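Chemist: I'll drop the sequence and a predicted model, then ask my questions.
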Amino acid sequence: MPANRDGKYSHTAELKRQDAAHHLHPFTDFQDYAAHPGRIISRAEGVYIEDSDGNRILDGMSGLWCCNLGYSQPGIVEAVRKQLSELPFYNNFFQCANEPSVRLAARLASLTPDNFNHVFFTNSGSEANDTNLRLVRRYWDLLDKPNKRIILSRTNAYHGSTIAAASLGGFDFVHRQFETLPYVHHIAQPYWFKDGGELSPEEFGVRVAKDLERAIDELGEDNIAAFIAEPIQGAGGVIVPPESYWPEMRRILAERDILFISDEVICGFGRTGQLFGCQSYGTSPDLITFAKAVTNGFQPLGGVLLGDRVANVLTSGGGEFGHGFTYSGHPAACAAALATLDILEREQLVERVADDIGPYLQRRWQELADHPIVGETRGKGMVAALELVRNKHTRERLEDGGKAGAVCRQFCIESGLVMRAVGDAMIIAPPLVCSHEEIDLLIERATRALDLTASHYH
Ligand code: PLP
């Protein structure tokens, strides 16, 4: 590979060589990656990322659903720098606390629905869901209901990658690669386009919700500890449920004595037009999982928000809770979160998603439904998906095995847009700070990628 004047090509080529030789990437076919090394992302600004070849790409995925405020946030950078220079680390074990973790706990308690007053910090969403399992188990043990052990989750769910979180998740190919926890049971997901058949979305939403009722009856309410779900399944393909789904789920959950965990790792901090997705859908969780956008992705931080129902039992139960991480409540990560929340509030971004940029994105996104290879568009707030098809009416796919998504994703990159493929669903979750012009550009580039995909298959 010849070097240009400033040596850029040879530098990139060398990085790619070392990457392929030494670096195992998450959710990647290692053999395939060694043969086709990826791009090196070297800079980011506003809502754009730039690779080491100088390509500037509109990031329609906010990094990995986390950089909701875009990449240029000097306030967060400065807060982290200041914290690292004052107290770079101290733990929260052994009767100690650090100021940013305390301030963040209090801030989250004041921001969240009234009955949420406690938080347990982790480094990631996966660890937060592991923590949920520990909290739920302890809750029922303290209430002297030791039989309540089963956790209900949904097929095609994603709740993280530790053994516990991946067991909660509903990806079959992942489950085949390890021994899943025996007490996790999966119920149906509200994926109308895939499973709805001839039913209207509303009929399907009610029918699929009843799977929760059926599972509780079959497995026994006395044996079930909790149900975990995302308001909108993100990594599963942005499965926006029919409007009838959550009201029916809400009814069932209210009648049954099981805890409800709302996994808000993607929906949290404004993406659906409320602070949390559960508020958009009017559900009443007992526990909320968060991560990602809480620090705008600038520092690793996750956690569980505990509603009073659970917190009151745990805080009055006595005895040590044997769980925690070295970096639970890391001062620099908490400082990043506080600065992120400052910006979210100061710029009224949640309101902006509800009233301005969210409706604008959804209106423009819906226009893509007219494209010949788009079978459905769906979305809410600043998250959306479309389904690639050969035939809109029969929903026949362009190619067997959900491979068209990967083809379209490549055309997106070539068109200057990051859009993610989940099988044949193309999904976006752009930064909440996108301007109207940037949304227009996103739609223009997505349309170009769809045109190129259509030509590829015809
Ligand atoms: N829960 C949901 C809904 C997620 O989307 C993710 C990650 O994408 C996780 C949990 C896991 O979070 P992390 O990757 O920070 O462990």
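Modeler: Noted; the coordinates are in hand. Numbers count the residues shown, from 1 in each chain.

Chemist: ok, the residue in the chain that the ligand sits nearest to - how many residues close by?
Modeler: Proximity of the chain to the ligand (Cβ to the nearest ligand atom) peaks at G125, 2.4 Å away. In short, each C-beta sits where N, CA and C put it, glycine included. Neighbourhood size, G125 [other Cβ atoms under 10 Å]: 30.

Chemist: Same check on E437?
Modeler: Other residues close to E437 by other Cβ under 10 Å number 8.

Chemist: Are we agreed that it is in a helix?
Modeler: Yes - assessed by DSSP: H, G, I helix; E, B strand; the rest coil, E437 belongs to a helix.

Chemist: How far off centre is stretch 411-418?
Modeler: 22 Å (Cα atoms, centre = their mean, to the nearest Å).

Chemist: tell me which residues of that stretch are tucked away?
Modeler: Applying a neighbour-count criterion of 16 or more other Cβ atoms under 10 Å, one finds 411-413, 415-418 buried in stretch 411-418.

Chemist: And the residue of the chain closest to the ligand, what's its pLDDT?
Modeler: Predicted confidence (pLDDT) for G125: 98.

Chemist: cool, R5 as well?
Modeler: R5 is assigned a pLDDT of 53 by the prediction.

Chemist: Also D400?
Modeler: 87.

Chemist: do G317 as well
Modeler: If you check G317, the pLDDT there is 88.

Chemist: what does the one 10 residues further on give?
Modeler: The predicted structure scores Y327 at 98 on the pLDDT scale.

Chemist: Tell me if it really is in a helix.
Modeler: No - per three-state DSSP, Y327 lies outside any helix segment and is coil.

Chemist: how close does it get to G282?
Modeler: For Y327, the distance to G282 equals 34 Å [Cβ to Cβ, to the nearest Å].

Chemist: what's the answer for G303, then?
Modeler: Here the criterion is Cβ to Cβ. By it, G303 lies 23 Å from G282.

Chemist: do V304 as well
Modeler: Distance from V304 to G282, counting by Cβ to Cβ: 21 Å.

Chemist: more crowded one of these two?
Modeler: A count of neighbours by other Cβ under 10 Å puts V304 above the other of V304 and G282, at 24 against 10.

Chemist: Now that one, what are its backbone angles?
Modeler: Dihedral pair for V304: phi -120, psi 130, per degrees, to the nearest 10.

Chemist: again, but for E50
Modeler: In terms of degrees, to the nearest 10, the main-chain angles of E50 are phi -130, psi 130.

Chemist: What does the pLDDT read for it?
Modeler: 97.

Chemist: That one against S42, yeah?
Modeler: Yes - taking Cβ atoms under 8 Å as the definition, E50 is a contact partner of S42 at 6.2 Å.

Chemist: Where does pLDDT dip in the stretch 101-250 of the chain?
Modeler: Counting by pLDDT under 70, the stretch 101-250 of the chain contains no low-confidence segment.

Chemist: Contact residues of it facing the ligand?
Modeler: Those residues of the stretch 101-250 of the chain that sit near the ligand, judged by Cβ under 6 Å from any ligand atom, are 124-126, 129, 158-160, 230, 234-235.

Chemist: residues near P182, how many?
Modeler: Around P182 sit 9 other residues, with neighbours defined as other Cβ under 10 Å.

Chemist: which element is it on?
Modeler: For P182, there is no helix or strand it lies in under DSSP states H and E.

Chemist: List the contacts of it.
Modeler: For P182, the contact set (Cβ atoms under 8 Å, 6 or more residues apart in numbering) is empty.

Chemist: mind checking the SS state of S153?
Modeler: Counting by three-state DSSP, the backbone at S153 sits in strand.

Chemist: for it, what are its contacts?
Modeler: For S153, the contact set (Cβ under 8 Å, 6+ apart) comprises 159, 168-170, 184-187, 227-229.

Chemist: which ones are touching the residue nearest to T453 when sequence neighbours are not counted?
Modeler: Nearest non-adjacent residue to T453, counting by Cβ to Cβ, 6 or more residues apart in numbering: C408, 4.3 Å away. For C408, the contacting residues are 388, 419, 421, 426, 449-450, 453, by Cβ under 8 Å, 6+ apart.

Chemist: Out of those residues, which two sit at the greatest distance?
Modeler: Longest distance between any two of those is 12.4 Å, between A421 and L450; criterion Cβ to Cβ.

Chemist: Looking only at neighbour counts, state which of these two leads.
Modeler: Neighbour count, other Cβ under 10 Å: between A421 and L450, L450 has more, with 23 against 20.

Chemist: Get me the contact residues on the stretch 251-400 of the chain for the ligand.
Modeler: Contact residues, the stretch 251-400 of the chain versus the ligand (Cβ under 6 Å from any ligand atom): 263, 265-266, 291, 302.

Chemist: Widest-spaced pair of the residues you listed?
Modeler: Checking these with Cβ to Cβ, the most distant pair is I266 and G302, at 12.1 Å.

Chemist: Need the overlap of contacts for these two.
Modeler: K292.

Chemist: Skip ahead from the host helix or strand of R409 and say which helix or strand is next.
Modeler: Using DSSP H and E, R409 sits in helix 404-414. The first helix or strand that comes after helix 404-414 along the chain, using DSSP H and E, is strand 417-418.

Chemist: quick one: contacts of that next one?
Modeler: Counting by Cβ under 8 Å, 6+ apart, 49, 57-61, 412, 442, 445-446, 449 sit against strand 417-418.

Chemist: so what's N55 up against?
Modeler: 39, 416.

Chemist: Distance check, it against A157.
Modeler: 34 Å.

Chemist: S435: how many residues sit nearby?
Modeler: 12.

Chemist: Before we move on, what's the pLDDT of it?
Modeler: The score at S435 is 98. That number is its pLDDT.

Chemist: From L58, how far out is it?
Modeler: 11 Å.

Chemist: again with R271
Modeler: 18 Å.

Chemist: residues touching the residue positioned nearest the centre of the chain, list them.
Modeler: Compute the mean C-alpha point of the chain, and by Cα atoms, centre = their mean the closest residue is I266, 2.8 Å away. I266 is in contact with 65, 230, 232, 234-235, 292, 383, 429, counting by Cβ under 8 Å, 6+ apart.

Chemist: which outside residues touch the host helix or strand of C334?
Modeler: Applying DSSP H and E as the criterion places C334 in helix 331-346. Contacting residues not belonging to helix 331-346 are listed as 68-69, 73, 75-76, 78-80, 82-84, 87-90, 98-101, 103-104, 107, 111, 121, 123, 269-270, 293-296, 298-301, 327, 349-350 [Cβ under 8 Å, 6+ apart].

Chemist: Pull the distance from it to the chain's centre.
Modeler: For helix 331-346, the distance to the chain centre is 19 Å (Cα atoms, centre = their mean).

Chemist: Show me which residues of it are buried.
Modeler: Quick answer for helix 331-346 (16+ other Cβ under 10 Å): 331-341, 343-344.

Chemist: if we can go back for a sec, show me the two of the contacts of I266 that sit farthest apart.
Modeler: Of all pairs in the contacts of I266, the most separated under Cβ to Cβ is I232 and K292 at 14.2 Å.

Chemist: Please, where are all the helices along the stretch 251-400 of the chain?
Modeler: 277-281, 308-317, 331-346, 349-355, 357-366 (DSSP state H, counting those that start in this stretch).
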